[in-house]
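Undergrad: Got a predicted model here, sequence first, then my questions.
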Amino acid sequence: MSLASSTVPLRRAVIAALTTVTGQPSAIPAASLFREAVPAPAAQRAVTLRQGPTAWVTVRDHSADGDRIMLEMSTVRAERVTVEVLCEYYAGSEQFSSEHSTALVRLEEDRQRVMRALLYPEALRYDPDGDDTGLDGGSLRYDGYRSVGPILGVAGKSRVLSVIHTFPATLELANIQ
């Protein structure tokens, strides 16, 4: 298999690890899988999240920061990236604090599941199509998460709790000739 030339296979591999039963020893159990998020207004997200938490994956490339290591006369380059996983949860309404507490418990359990699914050696080596992601088995690290919620939804009644998990990594990618 040839090396990836972009971060697209890595993003696909992360989405698959969070949203599908992968068969990996570190896989997220079917009952705890995320749904792939689609951009939507806060009010609509609160309604959608009642069906379960969602995940949105981005891969930030740091090459603009001067962090691309390209060897002259080489067909390979090393690139520093950060995988960001935005997880969103329905955090209940203003009237029911137990829903918010339930969301916080799920968030903590999911933090552990996400870490296990993404940090397990070789778990993200290939995307669902079998394409190499450029990620060496041990190069992804967990850098923590930050909360960006709760966000008020419909008439200030529904809440969405959002957290962003960050995973810095170095990829080995093919240079485009």
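TA: Right, received. Where do you want to start? Here the structure is a predicted model, which is why all the values come from computation and not from measurement.
Undergrad: secondary structure class for the closest residue to residue 86 other than its chain neighbours?
TA: Ranked by C-beta to C-beta, 6 or more residues apart in numbering and with sequence neighbours excluded, the top spatial neighbour of residue 86 is residue 56, at 4.3 Å. Yep, even glycine has a C-beta here, placed from its N, CA and C like the rest. Under DSSP: H, G, I helix; E, B strand; the rest coil, residue 56 falls in the strand class.
Undergrad: I'd like the distance between residue 56 and residue 130.
TA: Going from residue 56 to residue 130 by C-beta to C-beta, to the nearest Å gives 24 Å.
Undergrad: quick one: the helices in the chain?
TA: Per DSSP state H, the chain carries helices over the ranges 8-19, 42-49, 97-119.
Undergrad: Would you single out the least confident of these?
TA: Note on the helices of the chain: lowest mean pLDDT is at helix 42-49, with a mean of 74.
Undergrad: pretty sure residue 148 is touching residue 162, no?
TA: Yes: with contact defined as C-beta atoms under 8 Å, residue 148 counts as touching residue 162 (4.5 Å).
Undergrad: Quickly list what's touching both of these two.
TA: When contacts are counted by C-beta atoms under 8 Å, 6 or more residues apart in numbering, residue 148 and residue 162 have residue 86 as shared neighbours.
Undergrad: Counting neighbours, go ahead and name the busier of those two.
TA: A direct count of neighbours by other C-beta atoms under 10 Å for residue 148 and residue 162 places residue 162 higher, at 23 against 13.
Undergrad: All set, thanks.
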